[in-house]
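Trainee: turn this into a structure:
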Amino acid sequence: MDSGLRSLLSDHSRYVESFRLFLQNSTEHQCMQHFIETKLPDIISSIGNDKPVIDVLGIGSGSGEIDLQMIAKIQARWPGVSINNQIVEPSAEQILGYKERVAKAPNLGYVTFSWHHQTSSEFEHRVTEDKQMTKYDFIHMIQMLYYVKDVPGTLKFFKSCLAPNGKLLIILVSGNSGWAPLWKKYGQRLPLNDLCLYVTAGDIAEMLSSMGARFQSHELQSDMDITKCFIEGDKNGELLLDFLTETCDFRKNAPAELRDQIICDLKSPRCSTTKDGKVIFNNNLSVIVVEAD
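Mentor: Residues are numbered from 1 along each chain as shown. Purely as a prediction, here's the structure:
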């Protein structure tokens, strides 16, 4: 990592602000929602096995927006069946937001919620120590595997938590996205914050294959308008640039050579396309659905 660069995660308020701008300028949630509407019903059609309770586990669920959409599809598939929804989330602020969302949501009478203010590794350690492993019918890990130290170990553990016919759903940036060449080229020069931030769905597929896991992959088309990143002094552009590089005040603190190279590459066909005067970043995602043994 270049000296003087600080991880964006070290400044919580700036991270939250940059993430909010990312969602505003990208189609990330829209493409996930389309997947949930069109593909998820088939994926969950075999879970549960007519059990009286369906056990669901969300890892790094944030404020629960995507979670509740998936819960609604499970309810539609198994009307009247109780759902035990366990949530593992390290941010107290996000848990509060999730609880507020649940309080306002209709039609959750058959769903119970339990929040665990923990990282995935803390949850794994507690479950292993207590030797009381619940088997889950549906586990989802959306955009969170960047933040674990042992990715293969994490995959192996949560796969072992699947009940018969259970599904583990993982969403990450695609190996064909603009993130992949950016991370491959500059990952060693950007702040890692002691976490495995630079991992794509392509890496996950290789890990799962080496484990002998059965899985399917689905590509989701997504983009992000990063035009303002190239306007020096534009506040929103600076925040988006911070998000793209996971670096706090990247334009201000990065060495000039690194800054100019990354800004140049962000405009290159490997990362983006230019249309109607706008620079559109390739934010494609992959959904990986892992089968129980």
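
Trainee: three-state assignment of Ser114?
Mentor: Assigned with DSSP: H, G, I helix; E, B strand; the rest coil, Ser114 falls in the strand class.

Trainee: which ones are touching it?
Mentor: Ser114 sits next to Asn84, Asn85, Gln86, Ile87 when contact means Cβ atoms under 8 Å, 6 or more residues apart in numbering. For glycine as for every other residue, the C-beta is placed from the backbone atoms N, C-alpha and C.

Trainee: contacts for the lengthiest strand in the chain, please.
Mentor: Assignment by DSSP state E gives strand 162-173 as the longest strand of the chain. For strand 162-173, contacts defined as Cβ under 8 Å, 6+ apart pick out 32, 43-44, 46-49, 55, 135-143, 145-146, 158-159, 179-180, 199-201, 204, 220, 283-293.

Trainee: same thing but 6 Å
Mentor: Contact partners of strand 162-173, identified using Cβ atoms under 6 Å, 6 or more residues apart in numbering, comprise 43, 46-47, 49, 135-143, 145, 158-159, 179, 200-201, 285, 287-290, 292.

Trainee: in that strand, what counts as buried?
Mentor: By neighbour count with 16 or more other Cβ atoms under 10 Å, strand 162-173 contains the buried residues Leu162, Ala163, Gly166, Lys167, Leu168, Leu169, Ile170, Ile171, Leu172, Val173.

Trainee: Leu108: which of these is nearest?
Mentor: Nearest to Leu108 among those, counting by Cβ to Cβ, is Leu169 at 20.4 Å.

Trainee: the closest one and Val199: what is the separation?
Mentor: According to Cβ to Cβ, to the nearest Å, Leu169 stands 17 Å off from Val199.

Trainee: and the angle from the helix or strand containing Ile71 to strand 162-173?
Mentor: Per DSSP states H and E: Ile71 is located in helix 65-77. Here helix 65-77 points in a direction 140 degrees away from that of strand 162-173 (axes from the mean of the first three to the mean of the last three Cα atoms, to 10 degrees).

Trainee: run the chain-centre distance for helix 65-77.
Mentor: 17 Å (Cα atoms, centre = their mean, to the nearest Å).

Trainee: show me the shaky parts of the protein.
Mentor: For the chain, the stretches with pLDDT under 70 are 1-3, 192-197.

Trainee: could I get the full set of helices for it?
Mentor: 12-25, 28-38, 40-43, 65-77, 92-104, 120-130, 151-160, 179-186, 201-211, 235-245, 250-253, 256-266 (DSSP state H).

Trainee: quick one, the first one and helix 28-38 angle?
Mentor: Between helix 12-25 and helix 28-38, the angle comes out at 60 degrees (the same axes, to 10 degrees).

Trainee: how long is stretch 223-243 from one end to the other?
Mentor: Stretch 223-243 has an end-to-end distance of 14 Å (Cα to Cα, to the nearest Å).

Trainee: and it, what's buried?
Mentor: For stretch 223-243, the neighbour count (16+ other Cβ under 10 Å) marks 223-229, 237-243 as buried.

Trainee: ok, Ile36 to Gly277 distance?
Mentor: Applying Cβ to Cβ, the value for Ile36 to Gly277 is 33 Å.

Trainee: which one of these two has more residues nearby?
Mentor: Ile36 (18 against 6; other Cβ atoms under 10 Å).

Trainee: quick one on the thing from earlier: output the contacts of Ser114 as CSV; include the columns distance to Leu258 and neighbour count.
Mentor: Formatted as CSV, the contacts of Ser114 follow (distance: Cβ to Cβ, whole Å; neighbours: other Cβ atoms under 10 Å):
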residue, distance to Leu258, neighbour count
Asn84, 48, 16
Asn85, 43, 24
Gln86, 42, 19
Ile87, 38, 24
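
Trainee: of all those, which two lie farthest apart?
Mentor: Largest pairwise distance in the contacts of Ser114, by Cβ to Cβ, is 11.0 Å, between Asn84 and Ile87.

Trainee: ok, and the closest non-adjacent residue to the most centrally placed residue in the chain?
Mentor: With distances taken as Cα atoms, centre = their mean, Gln143 lies nearest the centre of the chain, 0.8 Å away. Distance criterion Cβ to Cβ, 6 or more residues apart in numbering; nearest residue to Gln143, sequence neighbours excluded, is Ile171 at 6.0 Å.
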